[in-house]
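**Student:** Need the 3D shape of this:
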Amino acid sequence: MPTPHLPPALFAMNPVHLPELFPPRLMTRLRELVRIDPGHVVQDFTDPTAALALAETEVLITGWGCPHIGAEVLDAAPRLRTVLHAAGSVRSLVGEAFWDRGLSISSAVQANALPVAEYTLAAILFAGKDAFRLRERFRAERVYPAPGEYAGIGNLGRRIGVIGASRVGRRVLELLRPFDFEVSLHDPYLDDAEAARLGAVPMPLEELLSTSHVVSVHAPDIPETYRLLNRERLALIPDGGVLINTSRGALVDPDALTEELVSGRISAVLDVTEPEPLPAASPLHRLPNVFVTPHIAGSLGNELARLGGTVVAELERLTAGSAPAHAVRRADLAISA
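**Tutor:** Residues are numbered from 1 along each chain as shown. I've put the predicted structure just below:
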């Protein structure tokens, strides 16, 4: 049983995620660090039982489904010191009132970047083999292509263009190093030396698009990146090129992308779309050159324990008097998700 002197904490998220975020081993360790009731998971801060718990809460452990932490919530939680978010972006979770009060917040966005990068690597390798189109053809015709039809297919020397040195983008660059790829990178916030350190050739966006076999999008969804890949820029991708998007659908003009894909000029692997999910009538569901997945690149199933483990590790640092390793700062949100 937790001891009375432990700092009081509260879960705020959709409770369906709790067992996967904090399986027994992690939950046991968590309860050694804070006084928390796993049976009380808040989804509505206006609920009377939530208000009672907030009054003494020092640590708020949040996740997907947590309501916005606005001024009213903060007024109800006068002892709150920190928020530990067992998910990715905190952009919609907290607002100006939170930052104005000088509270700290930590996110598991780094841990969530790992499966997104793994998905991206798999997509790049399959795209190089033209696996998505060939699978559709094989399913329809049940015969192997003739050897001559494999011309131009393969991953040797494939040119990969990465847009955004985000946490996911950096992990993708790391995963690409063992392969025989030529890797370029566009990120306006990165200097050439840092790009080289990451193992990529820095390029302006238009040059990257026009020289890449595969373009993978990892920029944040911020006002500056809205429709980053518009009609003119999508047209720069060479014939037969592949666009991979695991970031957000808003970064790509959906009408222009649909036209390019319907024409068959390029292909795409899309884990995110706009709108999301795609309407049932969207032609992208039926095209052999489009591979659409239902926003699965991020942490799912047993991968959620990695996010919970991040929260536990942050608590261990805080109780030892150290600063959190994954603190989010107000200024970060201007250029990150």
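
**Student:** what comes up buried for the lengthiest helix in the chain?
**Tutor:** Criterion DSSP state H: the longest helix present in the chain is helix 109-128. Buried residues in helix 109-128, defined by neighbour count with 16 or more other Cβ atoms under 10 Å: 109-117, 119-121, 123-128. Quick note: C-beta positions are derived from backbone N, CA and C, even for glycine.

**Student:** next one: stretch 278-290
**Tutor:** Buried-residue list, stretch 278-290, by 16+ other Cβ under 10 Å: 278, 282, 284, 287, 289-290.

**Student:** Also stretch 151-170?
**Tutor:** 155, 158-170.

**Student:** Make a markdown table from those residues and add distance to residue 324, pLDDT and secondary structure to it.
**Tutor:** Output for the buried residues of stretch 151-170, formatted as a markdown table (distance: Cβ to Cβ, whole Å; pLDDT from 0 to 100; DSSP: H, G, I helix; E, B strand; the rest coil):
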| residue | distance to residue 324 | pLDDT | secondary structure |
| --- | --- | --- | --- |
| 155 | 39 | 97 | coil |
| 158 | 39 | 97 | coil |
| 159 | 39 | 98 | strand |
| 160 | 33 | 98 | strand |
| 161 | 34 | 98 | strand |
| 162 | 28 | 98 | strand |
| 163 | 29 | 98 | strand |
| 164 | 24 | 98 | coil |
| 165 | 22 | 97 | coil |
| 166 | 20 | 96 | coil |
| 167 | 16 | 96 | helix |
| 168 | 21 | 98 | helix |
| 169 | 23 | 98 | helix |
| 170 | 20 | 98 | helix |
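
**Student:** For these, work out which two are farthest apart.
**Tutor:** 155 and 167 (24.6 Å; Cβ to Cβ).

**Student:** Poorly predicted segments of the stretch 201-337 of the chain, please.
**Tutor:** Along the stretch 201-337 of the chain, no part satisfies pLDDT under 70.

**Student:** And the helices in it, which stretches?
**Tutor:** 205-211, 231-234, 254-263, 304-319 (DSSP state H, counting those that start in this stretch).

**Student:** Nearest to residue 43 among those helices would be which one?
**Tutor:** Comparing the helices of the stretch 201-337 of the chain under Cβ to Cβ, the one sitting nearest is helix 304-319, at 17.6 Å.

**Student:** by contact count, what packs against the closest one?
**Tutor:** When contacts are defined as 3 or more Cβ pairs under 8 Å, 6 or more residues apart in numbering; DSSP states H and E, helix 304-319 sits against helix 18-21, helix 24-33, strand 59-62, strand 82-85, helix 109-128.

**Student:** List the residues that contact the closest residue to residue 205 other than its chain neighbours.
**Tutor:** Closest residue to residue 205 apart from its sequence neighbours, by Cβ to Cβ, 6 or more residues apart in numbering: residue 186 at 4.7 Å. Neighbouring residues of residue 186 by Cβ atoms under 8 Å, 6 or more residues apart in numbering: 161-164, 202-205, 208.

**Student:** about what we covered before: can you name the two of the buried residues of stretch 278-290 that sit furthest apart?
**Tutor:** 278 and 289 (15.3 Å).

**Student:** Low-confidence ranges, the stretch 1-150 of the chain, go.
**Tutor:** 1-4.

**Student:** can you rerun that using 50?
**Tutor:** 1-3 (pLDDT under 50).

**Student:** and the contacts of residue 186 as CSV, adding distance to residue 26?
**Tutor:** Listed next are those as CSV, based on distance: Cβ to Cβ, whole Å:
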residue, distance to residue 26
161, 38
162, 33
163, 35
164, 31
202, 40
203, 42
204, 44
205, 41
208, 40
